[in-house]
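>>> give me a 3D structure for the following:
(2 chains)
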Amino acid sequence: MTEREAPVERTVLQQADVARALTRIAHEILESNRGSADLMLLGIPTRGVLLAHRLADIIHSIDPGANPPVGVLDITMYRDDLATQPTRTPGRTDVPFDIDGATVVLVDDVLYSGRTVRAALDAIRDLGRPAAVRLAVLVDRGHRELPIRADFVGKNLPSALRERINVRLAEVDGEDSIAVAVSE
Amino acid sequence: MKHLLSTKDLSREAAIAILDTAEAMADTQEREVKKLPTLRGKTVVNLFYEDSTRTRISFEVAAKRLSADVINFSAKGSSVSKGESLEDTAKTLAAMGADGVVIRHSSSGAAERLATSGWIDAAVVNAGDGTHEHPTQALLDAFTMRKRLHGDASRGKGLDGVRVLIVGDILHSRVARSNLWLLTTLGAEVAFVGPATLIPSYIQDWPVTVYYDFDEALATHPDVVMMLRIQAERMHAAYFPNTREYGRGWGLGLDRFRRLSERTLIMHPGPMNRGLEICSEAADSPQSTVTEQVANGVAIRMAVLYLTVAGVAADQTSEVTA
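Now for the predicted structure:
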């Protein structure tokens, strides 16, 4: 492997922007759900789970009576590209509550092809039958390959295919930021 | 992972990856909908040259829970009993589009022969070959120990420092061999005990302590006592005078069971000969893992089928895309 130059990276959202976007999404979730009744958040590992916990905290701070449960939804075994990839060790799915009849908000960091969300919808179907499933993402970068759209978007970031969107969250990356990197 | 042929060639990292995958599989088996779409469109063949209802059913359930199509091919009443060679059988299965072959055979090395012969491109999983190896049994035993010791915090852990005593017919036992390699790789200390006639003579190079007296071995207070089945079908000579004498010397009877610590796990790969190598009080006690081993067997076999059949083996992909 030849040495490659570090890709040029452009930060588009700073920590305060991320916080504002999440606060707005939390308000939108409460508004569209008309409160926090039967609301549950399911994060897709790794960063979707962190974002789901943050959204739950913000929702609680807006409405102190609201404590939406947060679950972890691993979608490895539902992917549609299993046959063309080396197999990966599936992670833990942890949904210690009944999703039947609930409003489930799926949370992920970046919405791209839509294939992860399709896999997540299949995974949810095996767990139960929610009254509704909504989708919240921090970044929508476009390039959908399936007819899927997000209900709550932190930032629309039209991107070129050769660009990478790097979402960093303080819990695992030491800082909150969203950057666009161009790989040659 | 392209094939699973033995536990001897598994690295610690690979072994823990299989156990961790089985954790995810076990979680799905507690749901109302136990089926996963993971192996949709794949065909798994159970090629059993030796009778084994338990292992075959376990693999069959595992493959079906992953949505694979399952074909059961047993030697009895098939073309094999008409004299077809392993090569011709393999080529037939290849022509039918098998993606995975689970093979049990009375000859040691049969699984490896199938995997390396070039007769068939499918993933090969060894479900027991002669007296050589039975890797999924060892994996489910390790999984069961890890789960009892660490509970929900099992992921990523080995079995470091766990002391395991394997009791009985070591000579004919592929379960004992597969367990020895795997448990040692995971950091456990393994000891064998059995009548001298049923301990192989070539054992001195193996990483194992050997006892010939069960009571002396139990006095070392092992964390796990694994009883092996007396395999009448592999006994072509008189290895011990009679079953009563075997039970007195190397069976886990009531006396020995009562002397065990309550924390000592009692394992048995099944089927049990109750009253011979294990008494019912021990087999049905809370410290017995016999029924968990059966349930965990499905999770382990799901993990192995997923890892071998679902994707391309890592060394086969030229370019991995994110």
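>>> quick check: residues of the stretch 101-250 of chain B near chain A?
B:R155 (CB under 8 Å from any CB of the partner chain). Yep, even glycine has a C-beta here, placed from its N, CA and C like the rest.
>>> tell me the contacts of B:L4?
Taking CB atoms under 8 Å, 6 or more residues apart in numbering or on different chains, we find B:L4 in contact with B:124-126, B:135-136, B:304, B:307-308.
>>> quick one: which of these is the most crowded by neighbours?
In terms of neighbours by other CB atoms under 10 Å in any protein chain shown, the contacts of B:L4 top out with B:P135 at 32 neighbours.
>>> so it sits against B:D129, correct?
No: contact between B:P135 and B:D129 fails when scored by CB atoms under 8 Å: they sit 9.7 Å apart.
>>> in the stretch 51-200 of chain B, what residue comes closest to chain A?
B:R155 (7.2 Å; CB to the nearest CB).
>>> show me what the helix-or-strand element of chain A with minimal mean pLDDT pairs with in its sheet, parallel or antiparallel.
In chain A, no helix or strand scores lower on mean pLDDT, DSSP states H and E than strand A:8-13, which sits at a mean of 92. Neighbouring strands of strand A:8-13 in its sheet, by DSSP bridges, are strand A:177-182 (antiparallel).
>>> who's in contact with the strand it pairs with?
Outside strand A:177-182, the residues that touch it by CB under 8 Å, 6+ apart are A:7-15, A:17-18, A:138-139, A:155, A:157, A:159-160, A:162-168.
>>> before we move on, back to that, and the contacts of B:L4, which two are furthest apart?
B:N126 and B:L307 (13.9 Å; CB to CB).
>>> what comes into contact with the helix or strand bottoming out on mean pLDDT in chain B?
Taking mean pLDDT, DSSP H and E as the measure, chain B has helix B:243-250 as its least confident helix or strand, at a mean of 87. By CB under 8 Å, 6+ apart, the list of residues contacting helix B:243-250 from outside reads B:167-168, B:193-195, B:214, B:230, B:240, B:253, B:275-277.
>>> ok, stretch B:76-89 next?
Here stretch B:76-89 has contacts from B:47, B:49, B:51, B:73, B:75, B:92, B:105, B:110, B:113-114, B:117, B:119, using CB under 8 Å, 6+ apart.
>>> just for chain B, where's the confidence low?
Chain B contains residues with pLDDT under 70 at B:77, B:79, B:81, B:233-238, B:313-322.
>>> grab the most central residue of it for me.
Geometric centre of chain B, nearest residue: B:Q137, 1.2 Å, by CA atoms, centre = their mean.
>>> pretty sure it is touching B:S178, no?
Yes: with contact defined as CB under 8 Å, B:Q137 reaches B:S178; the gap is 6.3 Å.
>>> ok, B:K147 to B:L265 distance?
To B:L265, B:K147 is 10 Å away according to CB to CB, to the nearest Å.
>>> just the CA atoms of stretch B:185-205, as CSV, please.
Below are the C-alpha coordinates for stretch B:185-205, written out as CSV (Å, rounded to 0.1, in the frame of the first residue of the first chain):
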residue,chain,number,x,y,z
THR,B,185,-6.5,-21.3,23.4
LEU,B,186,-9.1,-19.4,25.5
GLY,B,187,-6.8,-19.5,28.5
ALA,B,188,-8.3,-22.4,30.5
GLU,B,189,-6.4,-25.2,32.1
VAL,B,190,-7.5,-28.7,31.1
ALA,B,191,-7.1,-32.0,32.8
PHE,B,192,-8.2,-35.5,31.7
VAL,B,193,-9.1,-38.4,33.9
GLY,B,194,-10.1,-41.9,32.8
PRO,B,195,-9.1,-45.5,32.9
ALA,B,196,-5.5,-46.0,31.5
THR,B,197,-6.9,-48.1,28.7
LEU,B,198,-9.0,-45.1,27.5
ILE,B,199,-6.3,-42.4,27.7
PRO,B,200,-4.3,-42.2,24.4
SER,B,201,-0.6,-43.1,24.8
TYR,B,202,0.5,-40.2,22.5
ILE,B,203,-0.8,-37.6,24.9
GLN,B,204,2.4,-36.4,26.5
ASP,B,205,2.9,-33.6,24.0
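>>> so what touches stretch B:190-198?
B:163-172, B:176, B:179-180, B:183-184, B:199, B:203, B:207-214, B:217, B:220, B:222, B:228, B:239-240, B:246, B:249-250.
>>> go again using 7 Å as the cut-off
With CB atoms under 7 Å, 6 or more residues apart in numbering or on different chains as the test, stretch B:190-198 has contacts from B:164-171, B:176, B:180, B:183-184, B:199, B:208-212, B:214, B:217, B:222, B:239-240, B:249-250.
>>> can you pull the buried residues of that stretch?
Of all the residues in stretch B:190-198, those buried under the rule 16 or more other CB atoms under 10 Å in any protein chain shown are B:190-195, B:198.
>>> what do you get for stretch B:6-18?
Applying 16+ other CB under 10 Å to stretch B:6-18 flags B:6-7, B:10, B:15-18 as buried.
>>> likewise stretch A:120-128?
A:120, A:122-124, A:126-128.
>>> inside strands: which ones of the buried residues of stretch B:190-198?
Of the buried residues of stretch B:190-198, the ones assigned to strands by DSSP state E are B:190-193.
>>> roughly how far out does stretch B:49-63 sit from the chain middle?
Relative to its chain's centre, stretch B:49-63 lies at 12 Å (CA atoms, centre = their mean, to the nearest Å).
>>> need the CA coordinates for it. PDB is fine.
Below are the C-alpha coordinates for stretch B:49-63, written out as PDB (Å, rounded to 0.1, in the frame of the first residue of the first chain):
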ATOM      1  CA  TYR B  49     -22.400 -40.600   7.300                       C
ATOM      2  CA  GLU B  50     -22.900 -41.400  11.000                       C
ATOM      3  CA  ASP B  51     -26.100 -41.500  12.900                       C
ATOM      4  CA  SER B  52     -26.600 -38.400  15.100                       C
ATOM      5  CA  THR B  53     -30.100 -37.100  15.700                       C
ATOM      6  CA  ARG B  54     -29.100 -34.400  18.200                       C
ATOM      7  CA  THR B  55     -26.300 -32.800  16.200                       C
ATOM      8  CA  ARG B  56     -28.100 -33.000  12.900                       C
ATOM      9  CA  ILE B  57     -31.300 -31.500  14.400                       C
ATOM     10  CA  SER B  58     -29.300 -28.800  16.000                       C
ATOM     11  CA  PHE B  59     -27.600 -27.800  12.700                       C
ATOM     12  CA  GLU B  60     -31.000 -28.100  11.000                       C
ATOM     13  CA  VAL B  61     -32.700 -25.700  13.400                       C
ATOM     14  CA  ALA B  62     -29.800 -23.300  13.200                       C
ATOM     15  CA  ALA B  63     -29.800 -23.200   9.400                       C
END
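>>> and the contacts of that stretch?
B:39, B:44, B:46, B:48, B:70, B:72, B:75, B:80, B:102, B:104-106, B:127-128, B:270-271, B:297-298, B:301-302, B:305.
>>> filter those residues down to the buried ones and hand me the PyMOL line.
Applying 16+ other CB under 10 Å to the contacts of stretch B:49-63, the buried members can be selected in PyMOL as follows:
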select buried, chain B and resi 39+44+46+48+70+75+80+102+104+105+127+128+297+298+301+302+305
